[in-house]
Structure formats: C-alpha cells, structure tokens
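**Student:** here is my input; please provide its structure:
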Amino acid sequence: MPDSPPASGPPPSNQKGGESVQTGGGLPIRARTVSFVAAPDDVGQRLDQLLAKRIEGLSRRQARTLLDLGGVFVNKVRTKFAARPTQAGDEVTAYIGGALSRAKNQVGTAAREEDAAKLPAYEVMFEDEDIVVVNKPAGLLTAPTPESDRNNLADLLSRRGPRRSRLFVVHRLDLQTSGVLVFAKSPWANRVLSERFAVHDMFREYLAVVAGAFPGDVATIDRPVGGKRAVTHVEVAERLGELASVLRLRLETGRTHQIRLHVRSLGCQVLGDPDVPKVKGLPVPPRMALHAARLEFAHPVTREALAYEAPVPVELGNYITKLRAGAAEPSGPSVGPEGE
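**Tutor:** Predicted coordinates:
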C-alpha cells in the first residue's frame, strides 16, 4: 500500500494463504495462518508444546521463536509466554511466514538483536519532540504485523534511547517500498497528522517504474479502490524506449495498493509487483520499483510548512540505468541514484 492510517486493534496482515514458500535462515517456511480452539486434552499444556502439537511442520523450537517474535495470539491478545498453561476454550491463532523465516531460530534479546543487525539501515531526516521523519529502505517493515511486533521501523525507532519511547504510526509503506514516512511522537501530533491523512491534506509524490510505454504523458486516474474513491495524478518522467516508463505519481487519496492498482487499470504494472506475473524480456528488478520520493505537510504543532525528499535508492537507480542501457532511444530527463 502506498500509505494509509493505521487501523485499531491487531495490525493487518499482508500475508496470503495457500502454499507459498518463503526461505530464510533455516528450512523453508510455508506462509499460513493457523487458528484452533484448545481441546479438553490440551488443558494444562505449555503454549509452545501446544503449538508444536497442533500445527503441522512446526517444531517446538520454532514455536518458541514464533512466540518470541510475537506471532501468536491467544483469545485475540498477542502472547509471548511459552510456558503459559493452556485453558479450556482458548482460541489460538498463529501467523507463520516471512518473520519466522528471517529470524534466528532462538529466543531472547540477543537473538532479536542479531535479527535487527541484518536489517537495512534507515535515515532520520528530521526529528523534534512531536514528530520524526524517516527515509525507509526497501526490505524494512513500517510497523508491527500479526507475524511479529519486533524489528520493524516503528519498533527500531522506539528503542533508540535508554528507555523505550512511545511512537504513533501515522501511515505505512509496504515492505518493498522505500521512501519518506512521518511518525508522531505525541498524542496530539498523532491526532492532527491522522486527521490530515484522512482528509488528504498532504502532498505525496512517488516514483514508479512500470513495464512498457505508459499511454500518454500525463493522466489522472479516478477509480475506486476497496469501494472508496481513489485518485492518482500521473506524469511520465522518462520513457525507456518500449521497455519501460518511469512515472511520477501524486496521490490525492491514499488507498491500499492504490498506485499498483491504478497503473494496472491502464494496462501497465509496477515492475516487481508481487501480485502480478513477472514481465518477460526485462531484467528482474531488485525489488518492487516503487519509491515514496516526496512528502509535504504542515507541522502538527508549529504549523510550519515542511517538505522532505528522499533520493532514488542506489539499487533502484542502478536498475533504471540497466533499463536505460537496453532501450533503443531513451528520452526525457534522467532519473537515477543520488549523485548520478
């Protein structure tokens, strides 16, 4: 999703059902959500034992890791206590997927810090007592998910000082989307910024690389997403022959997966989009070719006009350069990594 206000309650899951396999620091993990109700003969068992018994293919060690990551809910409450005795009628839900695949298969602070050390680095662009603006890299989650409440950007930011600080998630970027995000550090700032996102009182510009020649030089796409009005303004920044197009997109609204769905409605697709087949004849992108390039808003307390721009990340800029080299007659302004 480009960005959207966070929902209340447990964070939404981006994982899909089915038999998709993800690989990580151990054996392949089948992405799935497993729910069950404790039976009479389960009463009194430790929670880690119960998970290993009731979930096919999950070892007791993996169960303990999953609990430590925060991927288990008992009676709709995230639960990490492996020795918790099972009670009659307990409703258990386990979210198994990428977080478990990427994690060190041990529990404890040292194991989770080792996981964090492998994450791509983020950049704090601005911070005061009310907000923090961050340039998020691809490969780093914005906020907690059902699979884990650890090692996401919000979690990492809140743990920077000697004491854990409170942080509010105002909007999100997908795992493989990079770019500018703002978090609130006070309840008032969270309320103001959330209201502004709700009424679309922010300027948000994205850069995307799509397959093929985008129809026309400019377009306004006004098509509902999820039953709600969604508007995206598009400008072609560069045409890479018939291979691909580099687009600048301004969001008037911020619906889930709005950019990807809107460009798809015009017969294009964001390269690296995990929800569509790979494009034959093009180099494989390093990740989804979508970048939140610019964010403008008024400070929630001082009302000062703020604007932040994140340069195109090196891996995405290098990919554009590769496409440019394969295009017969590239035209338009060049877009590449900082310093190009």
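
**Student:** okay, buried residues for the helix or strand harbouring residue 67 please.
**Tutor:** Using DSSP states H and E, residue 67 maps to helix 60-69. Under the neighbour-count criterion of 16 or more other CB atoms under 10 Å, helix 60-69 has 62-69 buried. Where C-beta positions appear, they are placed from N, C-alpha and C, glycine not excepted.

**Student:** tell me what residue 231 is bridged to.
**Tutor:** Taking DSSP bridges, one obtains residue 222 as the residues bridged to residue 231.

**Student:** tell me the SS of residue 276?
**Tutor:** At residue 276 the chain is in coil, as set by DSSP: H, G, I helix; E, B strand; the rest coil.

**Student:** can you check residue 291 too?
**Tutor:** Going by three-state DSSP: residue 291 is strand.

**Student:** same question for residue 154.
**Tutor:** Secondary structure for residue 154, judged by three-state DSSP, is helix.

**Student:** and the end-to-end length of stretch 116-136?
**Tutor:** Distance across stretch 116-136, first residue to last, is 15 Å (CA to CA, to the nearest Å).

**Student:** got the contact list for that stretch?
**Tutor:** Here stretch 116-136 makes contact (CB atoms under 8 Å, 6 or more residues apart in numbering) with 102, 137-140, 142, 150-151, 153, 156-157, 167, 173, 177-186, 188-189, 193, 292, 295, 299-301, 306, 308, 310.

**Student:** quick check: mean pLDDT of that stretch?
**Tutor:** Across stretch 116-136, the average pLDDT comes to 96.

**Student:** list the buried residues for that stretch?
**Tutor:** Those would be 119, 122, 125, 130-136, for stretch 116-136 by 16+ other CB under 10 Å.

**Student:** was I right about residue 71 contacting residue 98?
**Tutor:** No: with contacts counted by CB atoms under 8 Å, residue 71 stays clear of residue 98, the gap being 10.4 Å.

**Student:** pick out whichever of the two has more residues nearby.
**Tutor:** More crowded of residue 71 and residue 98, by other CB atoms under 10 Å: residue 71, with 28 against 21.
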